[in-house]
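> A predicted structure for the sequence below; I have some questions about it.
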Amino acid sequence: MMSSKETVATAAEALCGKLGLTQGDKAFVMINGCGAATTMELLILFKDTVEFLKAKGVEAVGSMVGEILTVQEAGGFQMNIAKWDKETLRLWNTPCHTPAYSKE
């Protein structure tokens, strides 16, 4: 059993390597519960992920945390990290209103 920080370091290091994230980059972070994780557990994982990225000089500029895509009461979580540029960030910050998702 690993701590949250150890789990995040293992997963985030692999994702950062695949994405080629380097100091000064901006990133999106999504921590998705699979159904059985509590909101508090997901937020702890998110905090540790943001701290991991910050230590690498990568700024988390967009995020989602919660039961976004779930399966019925499965344990665990999914970590998604995406490298963002100015255009992607601009689009993320645009308000949207749909039946499934809304934000200001």
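The structure has been received and is ready for your questions.
> Could you pull out the helices in this protein for me?
4-19, 39-55, 86-92 (DSSP state H).
> on contacts alone, who are the packing partners of the shortest one?
Just to be clear, that refers to helix 86-92. strand 26-33, strand 59-66 (3 or more CB pairs under 8 Å, 6 or more residues apart in numbering; DSSP states H and E). C-beta: built from backbone N, CA, C; applies to glycine.
> Touching it from outside, list them.
K26, F28, V61, G62, A82, W84 (CB atoms under 8 Å, 6 or more residues apart in numbering).
> again, only using 7 Å
K26, V61, G62 (CB atoms under 7 Å, 6 or more residues apart in numbering).
> Mind checking which of these are buried?
Buried residues within the contacts of helix 86-92, defined by neighbour count using 16 or more other CB atoms under 10 Å: K26, V61, G62.
> ok, those vs M40, which is closest?
Proximity of the buried ones among the contacts of helix 86-92 to M40 (CB to CB) peaks at G62, which lies at 21.7 Å.
> Show me what the least confident helix or strand in the chain by mean pLDDT pairs with in its sheet, parallel or antiparallel.
For the chain, the helix or strand with the lowest mean confidence is strand 102-103, at a mean of 88 (criterion: mean pLDDT, DSSP states H and E). Using DSSP bridges, strand 102-103 pairs in its sheet with strand 96-97 (antiparallel).
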